[in-house]
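A.B. asks: One predicted model, sequence on top.
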Amino acid sequence: MITLLMNLSLFTPIQVLYFQSKGLTVEVISLLNLVVPVTAVLMEIATGMIGDYIGRKYALLASVGLFALSSFILIFSNNVALFF
């Protein structure tokens, strides 16, 4: 269920409008959209190692918790650095 909800990406259609309402320019929004997949590729190996060390179940729970934290920061941030 968690994977389904994360893959639906319900925030994606309104993402640009939300970022513009926070005062970000289109260039910064484009950089944000570029940073996400690049970071995902770079962290794939690290999360695999963490999953091997603590177990896949706990690694998944940690990633869901960090995803919730990042969503919370995204909602309440007004600083460009916090968006990254």
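C.D. replies: All right, it came through fine. Numbers count the residues shown, from 1 in each chain.
A.B. asks: buried set for the longest helix seen in the chain?
C.D. replies: With residue count as the measure and DSSP state H as the assignment, the chain has helix 26-54 as its longest helix. The neighbour-count criterion (16 or more other CB atoms under 10 Å) identifies 28-29, 32, 50-51 as the buried residues of helix 26-54. The C-beta positions use only the backbone N, C-alpha and C, and glycine is treated the same way.
A.B. asks: Counting neighbours, what do you get for residue 55?
C.D. replies: Using other CB atoms under 10 Å, the number of residues around residue 55 comes to 11.
A.B. asks: right, I mislabeled it, should have said residue 15
C.D. replies: If you count neighbours by other CB under 10 Å, residue 15 ends up with 14.
A.B. asks: For it, give its distance to residue 31.
C.D. replies: Between residue 15 and residue 31 the distance, using CB to CB, to the nearest Å, works out to 13 Å.
A.B. asks: Touching both of these two, which residues are there?
C.D. replies: Both residue 15 and residue 31 lack any common contact, where contact means CB atoms under 8 Å, 6 or more residues apart in numbering.
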